[in-house]
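*Asks:* coords please:
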Amino acid sequence: MVIDPVCRMEIEEAEATASRTYKGKTYYFCSQACREKFDQNPEEYIDEH
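*Replies:* A predicted model of the protein is given here:
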C-alpha cells in the first residue's frame, strides 16, 4: 500500500492511476487530478521528515 501525497488516500501501488518521481522518490496517485495538483507545487505535498 502507498499513500497519495495529495489526498492522503491509501491505494495499492499496482492500482495507482499515475505516478511521478520527484527528488529521487516515486509518488503514486489515486487520480490524474491529484497528480496534476502535485505537479503544480510538489513541495506542498512531500514529507521530508
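
*Asks:* so where's this protein uncertain?
*Replies:* For the chain, applying pLDDT under 70 flags the ranges 48-49.

*Asks:* where is the longest helix in it?
*Replies:* helix 32-40 (DSSP state H).

*Asks:* contact partners of it?
*Replies:* Judged by Cβ atoms under 8 Å, 6 or more residues apart in numbering, the contacts made with helix 32-40 from elsewhere in the structure are 4-7, 17-20, 22, 27, 29, 45. (Glycine included, C-beta is placed from N, CA and C.)

*Asks:* so which bits of that helix are buried?
*Replies:* Neighbour-count burial for helix 32-40, counted by 16 or more other Cβ atoms under 10 Å, picks out 34-35, 37-38.

*Asks:* also stretch 3-10?
*Replies:* Going by neighbour count (16+ other Cβ under 10 Å), the buried part of stretch 3-10 is 4-6.

*Asks:* do me a favour and get the end-to-end distance for it?
*Replies:* Distance across stretch 3-10, first residue to last, is 4 Å (Cα to Cα, to the nearest Å).

*Asks:* and that stretch, how far out from the chain middle?
*Replies:* Relative to its chain's centre, stretch 3-10 lies at 6 Å (Cα atoms, centre = their mean, to the nearest Å).
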